[in-house]
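Participant: I'll drop the sequence and a predicted model, then ask my questions.
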Amino acid sequence: MTEREVVVKSNAGVHARPAMMIVREAMKYPCEVKLIKDNIEADCKSIMSVLGLAIISGTKLIVRADGEGESNVVESIVAMIENNFRSNEESA
Amino acid sequence: MSSTRMGTRTRSWFPVFRMEEKIQLKNFLGDTGSIDLQIRLVAGKAGLDKEIRVGDINRPGLTLAGFYDFFAYDRIQIFGLGECAYLRQLTQEKKREVLEKFFSYNVLCCIFTTDEEPDRFFIDYANKKEVPVFVTKKDTTKFTSSLIYLLNEALAPSVSIHGTFVDVYGVGVLLIGKSGVGKSECALELVERGHRFIADDVVIVKRVDESILMGSGSSLLKYHMEIRGLGIINVSDIFGIRSIKNRERVELVVVMEEWEKNKQYDRLGLEEQVYTILEINIPNIVIPVRPGRNIPIIVETAALNQRLKRLGVYSARELDKNIQESLKRRDAGE
């Protein structure tokens, strides 16, 4: 199991589009990926589940994965959140 | 994860998440509260952030009279006509002594019923010790029963399950399975056939009683559903009010999984499989999904079969019994 803590800084929080980005990333890996906010856990592979967390700017999150590719998926989701959900081309 | 485990067949990949919700005394008040008790606060505002941990109440009659053994100070203290009459007949000196002792414990909160107002003394002590004091118009018995009901419901252990929840012919059917197996599509088809949609993806299941699980959706995601290829849709807007429901008792768990060639699926239905959620066993069936199989009609039939079983009719067992009797007759007669 791999987990990392990250704080959401993007002003709009995690609304539909960022949620979709997280889900897309998580779907690339076979392992179980979770997003945890204040002890409430969400399945990263379900867009409704991620949206249901109601993540606003300043929320502290834990990204946790268990299984094949766990460190890669945690790494890339954390990077995505730290980059405020800008795509790689934009931030480069 | 630990609170959910399979009965006969083991599978561990359905995400089940523990929920932790805090219930504070301020939730009792109308404007902020989720628990509407129709009570008003008369003292101890500073203690409103205190957390309620147990759904039990205490009548402090014996305590006030001086018997402090078994004083459940961490419960909600209900002051009815008896307690109030007792306090009223005390001399000022005695009352001070009684209240001094009573408030020396870390009392959670006090509720006065039948519109009895606590006197100045009581309010001063409550403010000093930051013990919220509420007053209700209702009489003690009625108030207590609704308080216990609402508290139990609010404090009920709950989990959030990744699945889809639909009311099929009045039976709450929880569809679970790996993402992409077609839970949401199945629910959509069921709605189209006149059944009612409750929640998709995030199903909150509460144990409201020793044997009853209630399922509902998250208030934020209400009636929304994600269909791959379509995106997010609102079932209530598209199919109308008759297609949705707020909550329902969880009575059947349908596990959808991809057809495995070498796996033995249930062909008789003689034994009942169970799926355990929050230590309660719910009847469970496993449906193998394969192109060309009409899953919604299987779910519909499973729901109807469940209703029959509730009435004590077990089709597989009856057929088995008939066959056994017929075999016995032939054996003896011919």
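Facilitator: Yes, it's here.
Participant: contacts, neighbours, all on C-alpha from now
Facilitator: Will do.
Participant: Kindly report the residues of chain A close to chain B.
Facilitator: Chain A comes close to chain B at residues A:39-43, A:45-49, A:51-52, A:54, as judged by C-alpha under 8 Å from any C-alpha of the partner chain.
Participant: let's see it at 7 Å
Facilitator: When proximity is defined as C-alpha under 7 Å from any C-alpha of the partner chain, chain A approaches chain B at A:Asn39, A:Ile40, A:Glu41, A:Ser46, A:Met48, A:Ser49, A:Gly52.
Participant: out of the residues you listed, which are buried?
Facilitator: A:Ile40, A:Glu41, A:Ser46, A:Met48, A:Ser49, A:Gly52 (16 or more other C-alpha atoms under 10 Å in any protein chain shown).
Participant: Quick check: strands, which of the residues you listed are part of them?
Facilitator: A:Ile40, A:Glu41 (DSSP state E).
Participant: got the buried ones among the residues of chain A next to chain B as JSON lines, with pLDDT columns?
Facilitator: What follows is those, written out as JSON lines (pLDDT from 0 to 100):
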{"residue": "A:Ile40", "pLDDT": "80"}
{"residue": "A:Glu41", "pLDDT": "82"}
{"residue": "A:Ser46", "pLDDT": "86"}
{"residue": "A:Met48", "pLDDT": "87"}
{"residue": "A:Ser49", "pLDDT": "87"}
{"residue": "A:Gly52", "pLDDT": "86"}
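Participant: What I need now is the buried ones among the residues of chain A next to chain B written out in a markdown table, including distance to B:Asn152 for each item.
Facilitator: Shown next, in a markdown table, are those (distance: C-alpha to C-alpha, whole Å):
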| residue | distance to B:Asn152 |
| --- | --- |
| A:Ile40 | 21 |
| A:Glu41 | 23 |
| A:Ser46 | 31 |
| A:Met48 | 28 |
| A:Ser49 | 26 |
| A:Gly52 | 24 |
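Participant: quick one: which of the buried ones among the residues of chain A next to chain B is nearest B:Ala65?
Facilitator: If you rank these by distance to B:Ala65 using C-alpha to C-alpha, A:Ile40 comes first, at 44.9 Å.
Participant: Low-confidence stretches in chain B?
Facilitator: B:1-22, B:29-36, B:334 (pLDDT under 70).
Participant: most centrally placed residue in it?
Facilitator: What sits nearest the mean C-alpha location of chain B, by C-alpha atoms, centre = their mean, is B:Lys206, with 2.9 Å.
Participant: From the chain's centroid, how far away is stretch B:257-272?
Facilitator: Distance of stretch B:257-272 from its chain centroid, counting by C-alpha atoms, centre = their mean, to the nearest Å, is 31 Å.
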